[in-house]
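[1] no sequence on hand, only this structure:
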Ligand SMILES: [Fe+2]
Ligand SMILES: [Fe+2]
């Protein structure tokens with residue numbers, strides 16, 4: 001079993017800064033798990049979700065798409081780590097990811113096709129509660145497993 005697993009900065013973060021850096025700024029203190037890549041990715045999740053909540057009607061779909069792109073990367077990365085570590089409950093964890101992405105994609109299409117902004121805004125509002133719970137349960141277990149087994153994350157070549 002490998003004792004290190006690789007990570008990549010999300011394309012969104014790479015595009016924003018030439019030299020991406022890990023920062024957990026903006027992540028509520030009680031959601032910090034103490035693993036820098038995870039905390040930075042979660043800070044971005046919160047930032048992008050907040051940007052979608054604050055977007056005006058004309059900018060809402062683009063903001064939602066940005067959050068969806070980032071979230072696909074975030075979830076795929078965690079799933080790859082869990083696979084690499086042979087982490088037992090990985091399928092249950094990945095199942096939560098897939099459910100959220102499926103709902104988000106369906107709502108996104110309703111916003112794009114039928115201008116269902118109210119539905120889109122309701123989803124964005126509800127996602128923050130889902131995320132709190134997911135981080136404290138699923139992601140906390142994943143990070144605990146990394147810590148207990150001495151796994152560290154190393155940046156993969158771009
Ligand atoms: Fe996560
Ligand atoms: Fe997760």
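    Thanks, I have it. What you see is a predicted model; the values in this text were computed from it and never measured. Numbering: from 1, shown residues only. Ligands and ions are numbered 1, 2, ... in the order given.
[2] who does the longest helix seen in the chain touch, helix- and strand-wise?
    In the chain, with assignment by DSSP state H, the single longest helix is helix 57-85. Contacts defined by 3 or more C-beta pairs under 8 Å, 6 or more residues apart in numbering; DSSP states H and E place helix 57-85 against strand 4-7, helix 11-16, helix 36-54, helix 90-114, helix 117-134, helix 140-148. The way it works is simple: take the backbone N, C-alpha and C, and place the C-beta from them, glycine included.
[3] could I get these as a markdown table with distance to ligand 2?
    Output for the helices and strands packed on helix 57-85, formatted as a markdown table (distance: least, C-beta to the ion, whole Å):
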| stretch | distance to ligand 2 |
| --- | --- |
| strand 4-7 | 14 |
| helix 11-16 | 17 |
| helix 36-54 | 9 |
| helix 90-114 | 6 |
| helix 117-134 | 6 |
| helix 140-148 | 7 |
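[4] from those, which stretch is densest packed?
    Sort the helices and strands packed on helix 57-85 by mean neighbour count, taking mean count of other C-beta atoms under 10 Å, and helix 36-54 sits at the top with a mean of 20.
[5] circling back: can I get the helices and strands packed on helix 57-85 in CSV including distance to residue 70?
    Below are the helices and strands packed on helix 57-85 laid out as CSV (distance: least, C-beta to C-beta, whole Å):
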stretch, distance to residue 70
strand 4-7, 14
helix 11-16, 5
helix 36-54, 5
helix 90-114, 11
helix 117-134, 12
helix 140-148, 18
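[6] residue 81: which of the ones you listed is closest?
    Closest approach to residue 81 among those is made by strand 4-7 (4.7 Å; C-beta to C-beta).
[7] mind listing what the residue nearest to residue 81 when sequence neighbours are not counted touches?
    Of all residues not flanking residue 81 in the chain, residue 5 sits nearest, at 4.7 Å (C-beta to C-beta, 6 or more residues apart in numbering). Counting by C-beta atoms under 8 Å, 6 or more residues apart in numbering, residue 5 touches 80-81, 84-85, 151-154.
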